[in-house]
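**Student:** Quick one, what's the 3D model for this:
(one chain, ligands or ions: 1)
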Amino acid sequence: VSESPCYVGVDLGGTNLKLALIDGDGKLLDHRSMPTLGAEGHDAVLRRMAVGIRELAAMAPSGATVAAVGIGVPGMVDMENGVVVELPNLPGHWRQVPVGERIEAETGLPAFVINDVQAFTVAEHELGAARNAETAVCVAVGTGIGGGLVTHGRIHYGLGGAAGEVGHQIVVADGPTCSCGNRGCAEALASGPAIAAEGIRRVLQGFTTDLTRLAGDDLRAITPELIERAAASGDAVAIEVLERAGYYLGLALAGTVAVVAPDVVVIGGGVARAGGRYWQSMEATVRAHSHVTAIDRIAFKEAELGYDAGVIGAARWAAQRSSVDR
Ligand SMILES: [Zn+2]
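**Tutor:** Numbers count the residues shown, from 1 in each chain. This next block holds a predicted model:
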C-alpha cells in the first residue's frame, strides 16, 4: 500500500464514459472522457474502460500509486460482489455482468462498483453541499430521478444498495406509467423527459405558447432547457409545465422529509437549478406539506460538484471500500 494513494473513478453514462484520477483528498488530478458506445456491448465497453484506467493509473504523481478503482453505473448493482445486475438505460446487454471482477483482471487493481446516484451522494456528502451533514437527502434530477441518503453521518445504502429512490415514490395514484413498472411515481411526472413530454403535449393541444415558435417544426427540440428559457421570458405555459413538475417532486420530497428528517436536502442534475421555476415550486411544495418536521431548519441546497460528482464519488467509495478490506 502506497503512502499517498490515488484512486481512479469511473462514471459509466448512457452517452459518455468518464474517468478521473483522484488523490486521497478527493482532488481531481487528471481525467478522460470518451463516448460510451454502449451498442457495442459490455465486452467492448469494459475493454475501453480498462485501457482508460491503465492510462490514468500511469499518470499518478511520483510517490503515489493507484490503490483502487471505483465504477459508478446507471442502474442496479450488487455492491458486495461488484456485479452489475441491470442497466435499463444503456444499450447492449448488461444483465449480471461481473464488472468488478473483469476490471480487476484487466487492470490488476481492486475494483468496486456502485450505483451512479449513490456515487453522487458520496461525493456531495464528503466534498459538496452535504458535507458535515448528520442526515441528508441527495436527489439527482435528469433522465430519471435518483437519490441517496446520509444517516448518522454515513451513506445509508440499504438492502442491495437500493435505498434513497426518492423518484419512485407514488405521488399520483394510478398516474402515468413509470420506467420501474409502477404508476404515478414522481419520476414519471417530474424527470427531464416528463417535463419535455408535458411541454410537447401542450404544443400539440394548441395552447398559445412561445414553445411552438422556439421549437420550429421539430417537437424534439422541446427540452427542459428550452422550456426553462421560455419560462424565464414569461411564457405562461412553460411556467405552468415547470411548476407542475416541481410540485410532484415536492410531494415526493415532503414524504421523504417526513420519514428521514434531514438537516439538508441537496438537489442536482441538469434539470434542477436553484432559483428556477421548477426549484421554487418544489421547495414551496415541500414546505407547504411538511407539518411533522422542523421544516424551517432544513436547508435546500444545489449540488456543488456538478459534472465531476460521479467520478469523484466513485473514487471516494473505492477509497472507503479498499481501506475497509485491508
Ligand atoms: Zn417508478
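**Student:** contacting residues around the residue most central in space within the chain?
**Tutor:** Centroid-nearest residue in the chain, with Cα atoms, centre = their mean: Val117, separated by 3.8 Å. By Cβ atoms under 8 Å, 6 or more residues apart in numbering, the residues touching Val117 are Cys138, Ala140, Gly146, Gly147, Gly148, Gly164. From N, CA and C alone the C-beta is placed, and that goes for glycine too.
**Student:** In space, what's closest to the third one - neighbours in sequence excluded?
**Tutor:** The spatially closest residue to Gly146, leaving aside those adjacent along the chain, is Val117, at 3.2 Å (Cβ to Cβ, 6 or more residues apart in numbering).
**Student:** What helix or strand is that neighbour located in?
**Tutor:** In the assignment (DSSP states H and E), Val117 maps to helix 116-127.
**Student:** isn't Leu219 right up against Gly199?
**Tutor:** No - counting by Cβ atoms under 8 Å, Gly199 is not a contact partner of Leu219; they are 9.0 Å apart.
**Student:** Stretch 117-127: how far from the chain's middle?
**Tutor:** On the basis of Cα atoms, centre = their mean, to the nearest Å, stretch 117-127 sits 9 Å off its chain's mean C-alpha point.
**Student:** now swap in stretch 86-105 and tell me
**Tutor:** Distance of stretch 86-105 from the chain centroid (Cα atoms, centre = their mean) equals 18 Å.
**Student:** does that stretch come close to the ion?
**Tutor:** No - using Cβ under 5 Å from the ion, stretch 86-105 never reaches the ion; the gap is at least 11.4 Å.
**Student:** Show me the contact partners of that stretch.
**Tutor:** 12, 14, 36, 38-42, 45-46, 49-50, 53, 69, 71, 73-76, 81-85, 109-113, 143-144, 179.
**Student:** tell me the mean pLDDT for it?
**Tutor:** For stretch 86-105, mean pLDDT rounds to 91.
**Student:** Please apply the same query to stretch 287-307.
**Tutor:** pLDDT averaged over stretch 287-307 gives 95.
**Student:** in it, what counts as buried?
**Tutor:** Residues His289, Ser290, Thr293, Ile295, Ile298, Phe300, Lys301, Ala303, Leu305 are the ones in stretch 287-307 that count as buried (16 or more other Cβ atoms under 10 Å).
**Student:** Tell me the residues of the stretch 101-250 of the chain that contact the ion?
**Tutor:** Counting by Cβ under 5 Å from the ion, the stretch 101-250 of the chain sits next to the ion at His168, Cys178, Cys180, Asn182, Cys185.
**Student:** how about the fourth one, what does it touch?
**Tutor:** Right, Asn182. Here Asn182 is in contact with His168, Ile170 (Cβ under 8 Å, 6+ apart).
**Student:** any idea how far Val260 is from it?
**Tutor:** 21 Å (Cβ to Cβ, to the nearest Å).
**Student:** Could you do the second one as well?
**Tutor:** Applying Cβ to Cβ, one obtains 22 Å for the distance of Cys178 from Val260.
**Student:** before we move on, what about the first one?
**Tutor:** The gap separating His168 from Val260 is 15 Å, by Cβ to Cβ.
**Student:** try the last one
**Tutor:** Separation of Cys185 from Val260 (Cβ to Cβ) stands at 18 Å.
**Student:** Give me the more crowded residue out of those two.
**Tutor:** More neighbours surround Cys185 than the other of Cys185 and Val260, with 29 against 19 (other Cβ atoms under 10 Å).
**Student:** Excluding chain neighbours, what is closest to the more buried one?
**Tutor:** Nearest to Cys185 is Cys178, by Cβ to Cβ, 6+ apart, at 3.8 Å.
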